[in-house]
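Asks: sequence and predicted structure are below.
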Amino acid sequence: MGRTKSSATGRGYLDEIMMHRVSGQVGVVVNVVEAQAGWAPEITIKLKDGSLKKGKLGDFKEATGEQKRTFPAPLSADAPREGR
């Protein structure tokens, strides 16, 4: 089953691969500040070069399939790891 994501609150976006709309840079979501009291959710993505880019959820969009294939997969708790 897929993960449930909510663009209204920002839930479910952690470890997703997203693209910054303005710069076109692709990164993995490392932090989500959920929406509260009318404020939009904010996310932080980590780029391939290790730098961080912050912004409102609307500043980012879902990465294309090609962008996801070229980006190294994040190691999350539920991802299968080699050697197990």
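Replies: The structure has been received and is ready for your questions.

Asks: beta partners of the residue positioned nearest the centre of the chain?
Replies: Residue closest to the average C-alpha location in the chain (CA atoms, centre = their mean): V29, at 2.9 Å. Applying DSSP bridges to V29 gives these bridge partners: I45.

Asks: check contacts around it.
Replies: 13-18, 43-45 (CB atoms under 8 Å, 6 or more residues apart in numbering). C-beta: built from backbone N, CA, C; applies to glycine.

Asks: mind listing what's buried along stretch 8-27?
Replies: For stretch 8-27, a neighbour-count test (16 or more other CB atoms under 10 Å) marks 10, 13-20, 25-27 as buried.

Asks: closest to G50 out of those residues?
Replies: Using CB to CB, G27 comes nearest to G50 of those, at 9.9 Å.

Asks: let me know the pLDDT of the closest one.
Replies: With respect to pLDDT, G27 has a value of 94.

Asks: quick one: the closest residue to it other than its chain neighbours and G38, what's the gap?
Replies: Excluding the flanking residues, the one nearest G27 by CB to CB, 6 or more residues apart in numbering is I45, at 3.4 Å. According to CB to CB, to the nearest Å, I45 and G38 sit 24 Å apart.
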